[in-house]
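1. Sequence plus predicted model, see below.
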Amino acid sequence: MNDVEPAISLISVKRKLGNVMAVNGLDLTVRKGELFGLVGPDGAGKSTTIRLIAGLTDADSGTVTVLGHLQETEHSKVRDSIGYMPQQYSLYGDLSVQENMEFFGRLFGLKRKERHEQIDHLLNLVGLARFPNRRADALSGGMYKKCAASSPQAPCVGRADQRRRSGESS
C-alpha cells in the first residue's frame, strides 16, 4: 500500500436525510492520481457522498478529509481544491464550446497562456477538438457532458455528478 497521504479520505462517515440513512459508516480512500467512481442503484448514497466530499453538506458523524484538509473545520480550503460539476450542467447554450471554455478558464483565474494550453489539451482529450465553434446548445448529450466536465479550472481534485437525464444516452 502507498504511504502517500490520500487525496480523499472518508472514515466511518454517516449522513441521514430525514428518516433515511443515506450514507452508513462509509470508509473510502482515494490516493492522489487515482480515478474513482461511485456506482450503485438510485438512493444508494452516491450523490450524498459526493456532496459530503465537496463540503455541500456535513456528515452526521465520521471524518471527511480532502488533500489533508479536514472538511469539518477547513471548508474553504477544501472547496478551493475541488472542481465540482453538479447533475445540472452549467454551459451557456448561446456560446460556442471554445467560448464556454474561455469563460470558465477566466472565471477560475487562469492566465491566458495557461488557459489556452488547457483548452487545447482538454478539447483533444475529450474528442471535441473538431468542434470548438459549435454552440453548446447544438451539442449532442454526450458532447455536452464532455464539454461541461472538461471546462478549464485550477483545482487539484475534480469530479462530476453525471446521472443520465431521461432521453439521453451515455
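-> Nice, I can see it.
2. who touches the longest helix seen in the chain?
-> For the chain, the helix reaching the highest residue count under DSSP state H is reported as helix 112-125. Helix 112-125 has contacts (CB atoms under 8 Å, 6 or more residues apart in numbering) with 97-98, 101-102, 105-106, 110, 128-129, 132, 150-152. (Glycine included, C-beta is placed from N, CA and C.)
3. Which ones among those residues map onto helices?
-> Going by DSSP H, the helices hold 97-98, 101-102, 105-106 from the contacts of helix 112-125.
4. What's the separation between the nearest residue to R106 once chain neighbours are set aside and L122?
-> In space, R106 comes closest to R115 once its chain neighbours are excluded; the distance is 7.0 Å by CB to CB, 6 or more residues apart in numbering. Noted for R115: a distance of 10 Å to L122, by CB to CB, to the nearest Å.
5. With T29 instead?
-> 27 Å.
6. got it, and K16?
-> 38 Å.
7. swap in V97?
-> When V97 is compared with L122 (using CB to CB), they lie 10 Å apart.
8. which residues do the two both contact?
-> With CB under 8 Å, 6+ apart, V97 and L122 have common neighbours L128.
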